[in-house]
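Novice: take this sequence and fold it.
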Amino acid sequence: MKTRIIQTEPEPEPAAEIETAAPVADERETWLRRGFFAVAVVGYFILGLIHPAEIEVGDATTLYIGLHLVQPVFILLLAWGTWLLVKDLPGRAAQVARVAIVPYAIAYSMFDAIAGVALGGIVRQANDASAADGAVVQRLMDTGTDYVGMVLFVASDLSWFVMALAAAIAVKPIGGRGPTLLMAIGAAIFAIAHPFPPGPIGITLFGLGIAWLEVRREAARAPEAPPVLAP
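Specialist: Residues are numbered from 1 along each chain as shown. Model prediction:
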């Protein structure tokens with residue numbers, strides 16, 4: 001007499017569902033981080049190419065004011081992208097980058113949004129005034145010392161450099177020396193100024209470092225091919 005042994009497969013445990021849900025969140029953050037950096041780098045590259053080196057009485061102000069209204073968007077995207085880049089990384093450099101994100105976002109937004117739009121507005125008003133009044137405004141712009149503007153300029157560039165350099169150092173164990181070096185050099189050049197030539201050159205090098213890092217991270221995540229058994 002034959003007997004049949006029926007085996008029932010165990011039901012999957014709830015923990016398995018949690019483990020499969022985790023990579024989805026990581027994948028979403030990965031594409032958010034890449035998207036933020038891509039938009040910010042390309043946007044800043046274009047902005048730097050068309051950004052006037054300076055503005056004087058008699059110049060058109062629409063482009064100048066418009067650029068400084070759009071620029072805070074790129075600033076916040078760089079800040080958010082950096083946060084997603086270093087938020088789970090260990091080490092002192094990652095901690096410094098996380099702390100520097102807030103001062104960077106505040107100082108750089110204040111300098112570009114407030115100072116840039118205010119300067120463009122002053123020039124626009126001077127353009128509508130008499131020639132004598134316009135000459136007075138230009139003379140004040142040439143000879144006046146704006147200590148508040150100087151402080152904001154130094155604070156914004158310094159906060160950017162500290163954040164970007166710390167992030168570049170923090171990702172070195174992941175991407176190696178190459179991406180870190182490109183990010184650090186790009187951050188230093190971009191800290192000089194965002195108009196052409198240092199702006200587009202610096203942000204391009206920084207973006208290439210980020211792209212190189214992402215390629216290496218993707219290669220590290222790729223599963224190994226299963227061994228093929230010889231017949």
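Novice: so who does Gly81 touch?
Specialist: The contact partners of Gly81, taken as CB atoms under 8 Å, 6 or more residues apart in numbering, are 33, 36-37, 40. In this view, the C-beta of every residue, glycine as well, is placed from N, C-alpha and C.
Novice: actually, Gln125.
Specialist: Neighbouring residues of Gln125 by CB under 8 Å, 6+ apart: Val137.
Novice: where does Ala118 land on pLDDT?
Specialist: As predicted, Ala118 sits at a pLDDT of 89.
Novice: how about Ala225?
Specialist: For Ala225, the pLDDT comes out at 44.
Novice: the closest residue to Arg33 other than its chain neighbours: neighbour count?
Specialist: The shortest distance from Arg33 to any non-neighbouring residue, by CB to CB, 6 or more residues apart in numbering, is to Leu84 (4.0 Å). Neighbourhood size, Leu84 [other CB atoms under 10 Å]: 15.
Novice: from the chain's centroid, how far away is the host helix or strand of Leu84?
Specialist: Leu84 is part of helix 62-86 when elements are defined by DSSP states H and E. Computed by CA atoms, centre = their mean, to the nearest Å, the chain-centroid distance of helix 62-86 equals 7 Å.
Novice: pull out the buried positions in that helix.
Specialist: Across helix 62-86, burial judged by 16 or more other CB atoms under 10 Å covers 64-65, 67-68, 71-72, 74-83, 85-86.
Novice: still on that earlier bit, make a ChimeraX selection of the buried ones in the contacts of Gly81.
Specialist: ChimeraX command restricting the contacts of Gly81 to the buried ones, with burial defined by 16+ other CB under 10 Å:
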select :33,36,37,40
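Novice: among the contacts of Gly81, which are located in helices?
Specialist: 33, 36-37, 40 (DSSP state H).
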